[in-house]
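Participant: The amino acid sequence is not available; the structure is as follows:
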Ligand SMILES: [Zn+2]
């Protein structure tokens with residue numbers, strides 16, 4: 001059995017602070033422990049470039065580059081300047097091993113949310129994804145209605161809602177429109193019965209799993225440093241919610257992930 005982690009942040013400083021030897025020591029262990037592929041996701045131009053430098057060192061690792069909704073307001077440059085940096089990375093997408101634009105979206109969790117700026121970054125990056133024919137990785141935190149309304153405006157856009165937290169009804173509508181729904185360690189949390197209900201309702205060919213590491217470690221590691229090697233616990237929780245056996249599910253998830261990210 002082998003797994004595909006569709007969403008990880010090995011550029012996060014927590015790996016350097018909390019793991020002996022940092023990400024450089026951890027990643028080879030992850031690939032030796034039943035994980036074949038990882039999408040390493042940037043959240044701003046600077047760490048997207050670092051994500052690319054990292055993925056070039058590992059055969060099974062690919063990059064997603066983009067500006068996260070809460071990163072946008074802390075960038076020094078104007079949207080024109082910051083998006084030009086993302087475009088420069090996309091111009092070399094083959095050699096940079098870029099398989100998606102992301103993560104992008106809306107995040108209304110914090111008091112200082114700048115909705116107009118989030119909207120500008122989200123929509124302009126959707127247009128970049130369409131221009132470069134890449135799928136998008138959607139970050140939707142406390143913003144389900146606006147995320148849904150935005151992606152609906154672009155019927156030709158494809159991609160995944162990562163660590164899905166919306167309603168069952170919205171998930172059903174999204175998969176009908178060709179979107180993928182990704183499940184993180186949250187599906188193993190006691191207080192997340194709604195996520196398990198979504199998982200039950202999804203067609204087999206539209207689901208993915210991810211870590212979102214270093215965050216969202218699955219039970220029994222909840223609250224600890226997460227990494228792709230712990231994803232088998234997320235697989236077990238997803239298999240349990242769907243009443244499927246883990247090996248069959250893992251094979252299906254592998255096919256789905258490779259299809260979405262265009263990895264032959
Ligand atoms: Zn993330």
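Facilitator: Cool, got the structure. None of the values given here were measured: they were computed from a predicted structure. Numbering: from 1, shown residues only.

Participant: how about the strands of the stretch 51-200 of the chain, start to end?
Facilitator: 61-65, 98-107, 136-141, 159-161, 180-183 (DSSP state E, counting those that start in this stretch).

Participant: out of those strands, which comes closest to residue 248?
Facilitator: Smallest distance to residue 248 across the strands of the stretch 51-200 of the chain (CB to CB): 16.2 Å, for strand 180-183. Quick note: C-beta positions are derived from backbone N, CA and C, even for glycine.

Participant: sorry, back to before: okay if I get the strands of the stretch 51-200 of the chain as CSV plus mean neighbour count, distance to residue 148 and mean pLDDT?
Facilitator: Putting the strands of the stretch 51-200 of the chain into CSV (neighbours: other CB atoms under 10 Å; distance: least, CB to CB, whole Å; pLDDT from 0 to 100) gives the following:
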stretch, mean neighbour count, distance to residue 148, mean pLDDT
strand 61-65, 27, 21, 98
strand 98-107, 26, 10, 98
strand 136-141, 25, 8, 98
strand 159-161, 27, 9, 98
strand 180-183, 25, 13, 98
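
Participant: what would those look like in TSV with distance to residue 72?
Facilitator: TSV is the format used below for those (distance: least, CB to CB, whole Å):
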stretch	distance to residue 72
strand 61-65	14
strand 98-107	9
strand 136-141	11
strand 159-161	19
strand 180-183	22
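
Participant: Burial check on residue 158, number of neighbours?
Facilitator: 19 (other CB atoms under 10 Å).

Participant: Make sure it is actually in contact with residue 174.
Facilitator: No - if you go by CB atoms under 8 Å, residue 158 and residue 174 don't touch, sitting 10.9 Å apart.

Participant: who wins for proximity to residue 243 among the strands of the stretch 51-200 of the chain?
Facilitator: strand 180-183 (15.0 Å).

Participant: For residue 239, which of the strands of the stretch 51-200 of the chain is the nearest?
Facilitator: Nearest of the strands of the stretch 51-200 of the chain to residue 239, taken as CB to CB: strand 180-183 at 10.9 Å.

Participant: what is the mean pLDDT for stretch 31-42?
Facilitator: Mean per-residue pLDDT for stretch 31-42: 97.

Participant: ditto for stretch 194-209
Facilitator: So the average pLDDT for stretch 194-209 ends up being 98.

Participant: Pull the residues that contact that stretch.
Facilitator: For stretch 194-209, contacts defined as CB atoms under 8 Å, 6 or more residues apart in numbering pick out 3-6, 160, 164-168, 171-172, 175, 179-184, 186-187, 189, 231, 234-235, 237-238, 241-243, 252-253, 255-257, 260.

Participant: Can you select the buried ones from these in ChimeraX?
Facilitator: For the buried members of the contacts of stretch 194-209, the matching ChimeraX selection, counting by 16 or more other CB atoms under 10 Å, is:
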select :3,4,5,6,160,164,165,166,171,175,179,180,181,182,183,184,186,187,189,231,234,235,237,238,241,242,253,256,257,260
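
Participant: any low-confidence regions in the stretch 101-250 of the chain?
Facilitator: The model of the stretch 101-250 of the chain has no residue with pLDDT under 70.

Participant: what ranges do the helices span in it?
Facilitator: Counting by DSSP state H, counting those that start in this stretch, one finds helices in the stretch 101-250 of the chain at the ranges 115-131, 144-152, 168-176, 193-201, 231-242, 246-261.

Participant: Give the buried residues for stretch 87-98.
Facilitator: Buried-residue list, stretch 87-98, by 16+ other CB under 10 Å: 89-90, 93, 96-98.
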